[in-house]
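# coordinates only, sequence not included:
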C-alpha cells in the first residue's frame with residue numbers, strides 16, 4: 001500500500017517524467033495493483049514476482065497457460081514469445097518447433113497447416129498478473145528483475161545499517177530527514193569505493 005501511495009505522489013511531483021516500470025516482490029502480486037498500473041493515465045509496466053501460493057496454471061482461450069504466463073502448445077511445449085502489439089495491448093507467441101531451432105514437437109505436422117506455425121495472442125487486460133506487458137520468461141524481464149538485488153541491499157542499508165528501522169522517529173518530516181542523510185552516507189561510501197578501485201587500477 002505504501003509503495004502505491006509513494007508512486008502516486010511521485011507522479012504528481014514529476015508529471016513530465018515517464019515511468020518505465022514498477023518493480024516489486026510478490027507482496028504487490030494482486031489484481032488491483034496490476035489494474036491501477038495498467039490504467040491509460042498511468043500506463044506503467046508491472047515487474048512483480050508471482051505469489052506462488054496463488055493459482056499456477058489455467059486455461060485461456062482453450063490453451064493451457066503455465067506459471068510464467070506462457071501458452072503451452074498441444075505438443076506440451078512452451079510457445080515462443082514473438083513480440084508485442086502495443087496498439088492492441090497483447091503479446092504474440094508462436095509454435096516452438098518453427099520459431100526456435102532445434103525444437104522437435106511430436107505434433108508439428110498436425111498442429112497447423114500454415115508454414116508460419118500456430119500463433120496464440122495473450123491480452124494483458126484479460127489477466128494482468130500472467131499476461132504482463134513484458135512477458136515473465138523473457139530476457140528483458142529477467143534483466144529488470146535482477147535489479148531487485150541492488151534495491152534490497154539499499155533498503156537493508158537504509159533501514160538496518162543506518163538505523164532508520166528502530167530510531168523511534170515517527171513524524172513524516174523527520175523520517176524524510178533521516179532517510180536523506182542515510183542516502184548521502186550510501187552515496188559517499190559508493191564514491192569512496194570507486195576512488196579506491198580507480199587508484200588500484202592506476203597502480
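Thanks, I have it. Keep in mind the model is a prediction, meaning the values are calculated, not measured.

# from here on, contacts and neighbour counts on C-alpha atoms
OK.

# Quick check: which ranges of the protein have low pLDDT?
Across the chain, the ranges flagged by pLDDT under 70 are 54-56, 202-203.

# Just give me the longest helix of the protein.
Counting by DSSP state H, the longest helix found in the chain is helix 172-202.

# Could you name the helices and strands sitting against that one?
Packed against helix 172-202 by the contact rule (3 or more Cα pairs under 8 Å, 6 or more residues apart in numbering; DSSP states H and E) you find no helix or strand.

# Do a quick rundown of the helices in this structure.
If DSSP H is used as the criterion, the helices of the chain fall at 2-13, 31-37, 96-99, 108-111, 139-145, 148-156, 172-202.

# The longest helix of the chain to helix 148-156, inter-axis angle?
Between the axes of helix 172-202 and helix 148-156, defined by axes from the mean of the first three to the mean of the last three Cα atoms, to 10 degrees, the angle is 120 degrees.

# Check which residues of helix 172-202 are buried.
Residues of helix 172-202 classed as buried by neighbour count (16 or more other Cα atoms under 10 Å): 175, 178-179, 182-183, 186.

# can you check stretch 134-145 too?
Within stretch 134-145, the residues that qualify as buried by neighbour count (16+ other Cα under 10 Å) are 134-136, 141, 145.

# what's the answer for stretch 96-108, then?
When burial is assessed from 16+ other Cα under 10 Å, stretch 96-108 yields the following buried residues: 96-99, 105, 108.

# State the number of residues packed around residue 37.
Summarising burial for residue 37: neighbours were counted as other Cα atoms under 10 Å, giving 20.
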